[in-house]
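J.: The sequence and its predicted three-dimensional model are supplied below.
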Amino acid sequence: MAATDYGMLQRLGIRTVRDGVRWHLVDKGGQYDWSSFLPMLQAAHQTRTQVIWDIMHYGWPDDLDIWSSAFVDRFAAFAKALARVVREHGDETPWYVPVNEISFLAWGGGDHALFNPMGRGRGGELKRQLVRAAIAAIDAVREVEPRARFAHTDPLIHVFPRAGKSSTAALARQRTHVQYQSWDMIAGKLHPELGGKPEYLDVIGVNYYCHNQWEVDGPPIDWRGSDPRFIPFRRLLHKTWKRYNRPMFIAETGIEAELRAEWFNYISQEAFAAIEEGVPLHGLCLYPVMNHPGWADDRHCPNGLIDYERMTFRRSLEKPLAEALAIQQRAYQGLSQTG
């Protein structure tokens, strides 16, 4: 239903989306079956939708050991083959996210065994491996399509000391700083032996949710003003831009149920303020655009702009969020018209 969904978004004024190629479905032991991807690619051209393709969004082929050097080589080969397929189907400048959320994947899959590869105490090792893979993929894609653009997405966070426990201040600073490691590695500022270069850090995508500020080993900081420690999102955006001086976009943001419109308005207003302060912020991407089954329990998650009927898959709009979207689009259109 990709063409239906892209067309629905187009009518809502959304002409750019993020979507996933799903490496684990395409790569059959080094042989490629594009049947799961081509309908999406064709739908994008049919509806004139620009897609930022995630080459790896957590999943990889079952027969591949992510800790091996073969992982990097096979991922690069897959990225190169993907670039050929995309180029054969259109002449637009392609956009890719080589590896989605390197930091989060390293934390959840390398340190805490929350999902594949179910590692513990190996987060740093996994992060470096994923950076190697991302760099190899960039080189491979550029061999086929030198015009390609690359976004690197990771959560934007801030960790506070525990209330009343100044002894946790250093740990809070350390955990906050960790968020920059993958971007620093890609740019060659950290672990230069991985092959990073400044030109690899093309565009930065920041993922930001209501729980992205928290105490050390404690609860999230309330984002609606009850806690004076909460840092406005615009300040986090500005700090990241000053660190890297690269174009940016909000690659994921969202919340569940009746808070969707309120959260979207908050993020939009903070992004607007950051732009007025000079941050080169070029987009805001809702995650997800459509409700979906939960990661762990298959519950129906009411966090998207679009809902679907569970038996017929008939689409419907989340009207309060759609109304908020229209209002914010008009505000940003005015900003673009004034330069």
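T.: Received, thanks.
J.: Where do the helices of this protein begin and end?
T.: Remark: helices of the chain, listed N- to C-terminal, are 2-11, 23-26, 38-47, 69-88, 102-105, 123-144, 169-177, 181-186, 233-244, 260-276, 319-337; assignment by DSSP state H.
J.: Nearest to Arg224 among these would be which one?
T.: When the helices of the chain are ranked by distance to Arg224, counting by CB to CB, first place goes to helix 260-276 at 8.3 Å. (Each C-beta comes from the backbone N, C-alpha and C, glycine too.)
J.: for the chain, where's the lowest mean pLDDT among helices and strands?
T.: Every helix and strand in the chain was compared by mean pLDDT, DSSP states H and E; the lowest is helix 319-337, with a mean of 89.
J.: Tell me the span between the first and last residue of stretch 95-113.
T.: For stretch 95-113, the separation between the terminal residues is 31 Å (CA to CA, to the nearest Å).
J.: Now it: buried residues?
T.: Judged by neighbour count using 16 or more other CB atoms under 10 Å, the buried positions of stretch 95-113 are 95-111.
J.: burial measure for the nearest residue to Arg173 once chain neighbours are set aside, as a count.
T.: Taking CB to CB, 6 or more residues apart in numbering as the measure, Arg173 lies nearest to Val159, with 7.9 Å between them; neighbours along the chain are not counted. For Val159, the tally of surrounding residues (other CB atoms under 10 Å) stands at 22.
J.: From Val203, how far out is Val159?
T.: Distance from Val159 to Val203, counting by CB to CB, to the nearest Å: 25 Å.
J.: From Asp227, how far out is the residue with the largest distance to the centre of the chain?
T.: Relative to the mean C-alpha coordinate of the chain, counting by CA atoms, centre = their mean, the farthest residue is Gly164 (34.4 Å). As judged by CB to CB, Gly164 and Asp227 stand 14 Å apart.
J.: do the same with Ile135
T.: Shown here: Ile135 relative to Asp227, a distance of 39 Å by CB to CB.
J.: Look at the two and report which has more neighbours.
T.: Between Ile135 and Asp227, counted using other CB under 10 Å, Ile135 has the larger neighbour count: 22 against 14.
J.: need the contact list for that one.
T.: When contacts are counted by CB atoms under 8 Å, 6 or more residues apart in numbering, Ile135 touches 186, 194-196, 200.
J.: so Leu305 touches Lys319, yeah?
T.: No. Here Leu305 does not reach Lys319: they are 10.0 Å apart, not a contact under CB atoms under 8 Å.
J.: more crowded one of these two?
T.: Taking Leu305 and Lys319 together and counting by other CB under 10 Å, Leu305 has the greater number of neighbours (23 against 10).
J.: show me what contacts that one?
T.: Contacts for Leu305 were tallied using CB under 8 Å, 6+ apart; they are 12, 260, 286, 289-290, 317-318, 321-322, 325.
J.: Mind putting these into CSV with distance to Trp67 and neighbour count?
T.: Shown next, in CSV, are these (distance: CB to CB, whole Å; neighbours: other CB atoms under 10 Å):
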residue, distance to Trp67, neighbour count
Leu12, 42, 15
Arg260, 39, 21
Leu286, 34, 23
Val289, 34, 20
Met290, 34, 18
Leu317, 44, 15
Glu318, 41, 21
Leu321, 41, 24
Ala322, 44, 15
Leu325, 42, 22
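J.: so, if you compare those, which one comes nearest to His238?
T.: Within these, distances to His238 taken as CB to CB reach their minimum at Leu286, with 22.2 Å.
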